[in-house]
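J.: could you look at this predicted model? Sequence included:
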Amino acid sequence: MRKKIVITYGTFDMFHIGHLKLLKRLKEIGDYLIVGVSTDEFNKEKGKKTMIPFEHRIEIVKSIRYVDKVIPEKNWDQKKDDILKYNVDIFAMGSDWEGKFDYLRKYCEVIYLERTKDVSTTELKESLLGINELSREELLKAFDILLELKKYFLD
């Protein structure tokens, strides 16, 4: 019996539990999972700025046990070619892409999975940017509080 092949794509910047849960669910619906990781150049074309370089992101995704094959995603048009090249049965993306890849239904099944609630790379990046907006005085006060707490934990 032929393996059911699933493919998905993503930037996978700041890898988090939402990414892991998505990959796990995708592996559960098929036998072989291919993941396309967007290159830095393609992310620039999409207007996205990554915090983690492509070489690191692809190594992280390769190390996930649910993933069988990792390929670089270099452009929008590649999806159709990859579906045909790898004989893909299911193309899957997060629900934030709902409807955007329906044109691929003539080549394989297309599904959109719900995102993990309250987890988002965009929110993580916004939180980190918020740290930069703290005033020097707020940072010094936080540092003083940490120094005060230190005596309760390290002595």
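T.: Noted; the coordinates are in hand. Only a predicted model underlies this, so the values are computations on that prediction, with no experimental measurement involved.
J.: select the helix or strand of the protein having the lowest average pLDDT value.
T.: The helix or strand of the chain with the poorest confidence is helix 121-132; it has a mean of 51 (mean pLDDT, DSSP states H and E).
J.: the residue lying closest to residue 23 once chain neighbours are set aside and residue 25, how far apart?
T.: Setting aside the residues directly before and after it, residue 23 is nearest to residue 66 in space (C-beta to C-beta, 6 or more residues apart in numbering), at 4.6 Å. C-betas here are computed from N, CA, C, even on glycine. Using C-beta to C-beta, to the nearest Å, one gets 9 Å for the distance from residue 66 to residue 25.
J.: what ranges do the helices span in this structure?
T.: In the chain, the segments counted as helices under DSSP state H are 17-29, 40-45, 54-62, 78-85, 121-132, 136-154.
J.: distance check, residue 21 against residue 113.
T.: According to C-beta to C-beta, residue 21 stands 9 Å off from residue 113.
J.: per-domain residue ranges of this structure.
T.: The record's domain parsing of the chain by automatic domain parsing lists 5-116, 122-154.
J.: picking up where we left off before, if you average pLDDT over each of the helices of the chain, which is lowest?
T.: The minimum mean pLDDT among the helices of the chain belongs to helix 121-132 (a mean of 51).
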